[in-house]
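[1] any chance you could fold what I've pasted below:
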Amino acid sequence: MKTITTISKGIYKEKGSKFLSFAMPVTDVDEIKEILEKYRKEYFDARHVCYAYMLGEERDTFRANDDGEPSGTAGRPILGQINSFELTNVLIIVVRYFGGILLGTGGLVAAYKEATADAIKNSEIIEKTIELPLSIHFTYELMSDVSRIIKEFDLNISQQKFETECDMTFSIPKDKYELIHKRFEKIYGVEIM
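    Numbering: from 1, shown residues only. Here you go, the predicted structure:
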């Protein structure tokens with residue numbers, strides 16, 4: 001999954017209006033509510049504080065808000081840029097200071113899109129591998145069979161205990177979890193916990 005590491009800023013100006021954009025990493029809706037409240041207080045003199053966010057590894061929790069702009073002219077373009085960059089666990093806020101000249105719906109869409117793109121381009125985008133824990137229990141005699149799978153998949157052992165009976169825990173990339181789980185199941189005597 002792709003996300004950003006720290007807060008970044010962007011700006012876009014059009015016909016006297018100024019669009020300040022802020023992209024930030026987030027983890028849940030409660031955190032987003034606190035951040036939005038903070039930005040609304042800080043930019044109380046702005047005409048609009050619009051935003052969009054995307055959460056979750058499946059990118060299935062999202063919202064876009066126009067904050068009084070014509071429907072679909074602010075939140076949707078912000079969310080569109082989040083989707084274009086395939087980001088998740090991100091909140092983007094665009095603060096608009098009205099410059100006295102109406103931009104029209106097309107102009108607003110373009111302005112919010114450009115302001116958002118500028119904040120994203122100024123951020124550090126990282127790709128995170130989603131990992132799931134897998135724990136196994138086995139007798140020491142099975143160590144060579146277990147070691148073969150560890151080597152084959154280059155697994156990182158996060159916890160281990162070796163005695164006459166052994167315990168190991170791994171962090172497995174989500175996309176390989178089922179395959180590795182099945183490989184360990186094939187070793188008679190290995191218990192998956």
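[2] can you pull the buried residues of the helix or strand hosting residue 95?
    Assigned by DSSP states H and E, residue 95 belongs to strand 90-97. Buried residues in strand 90-97, counted by 16 or more other Cβ atoms under 10 Å: 90, 91, 92, 93, 94, 95, 96. For the C-beta atoms, the positions are set from N, CA and C on the backbone; glycine is no exception.
[3] try stretch 174-188
    Residues of stretch 174-188 classed as buried: 177, 180, 183, 184, 187 (neighbour count, 16+ other Cβ under 10 Å).
[4] same check on stretch 112-128?
    Here stretch 112-128 shows 112, 113, 114, 115, 116, 117, 118, 119, 120, 123, 125 as buried, counting by 16+ other Cβ under 10 Å.
[5] picking up where we left off before, closest to residue 135 among the buried residues of stretch 174-188?
    residue 184 (10.1 Å; Cβ to Cβ).
[6] let me see the mean pLDDT of the helix or strand harbouring that closest one.
    For residue 184, the host element (DSSP H and E) is helix 177-185. This predicted structure assigns helix 177-185 an average pLDDT of 91.
[7] next helix or strand past that helix?
    strand 191-192.
[8] how far does that following strand sit from its chain's centre?
    Centroid displacement of strand 191-192 relative to its chain, using Cα atoms, centre = their mean, to the nearest Å, is 32 Å.
[9] helices and strands around that strand, which ones?
    Counting contacts by 3 or more Cβ pairs under 8 Å, 6 or more residues apart in numbering; DSSP states H and E, strand 191-192 is packed against strand 131-139, helix 177-185.
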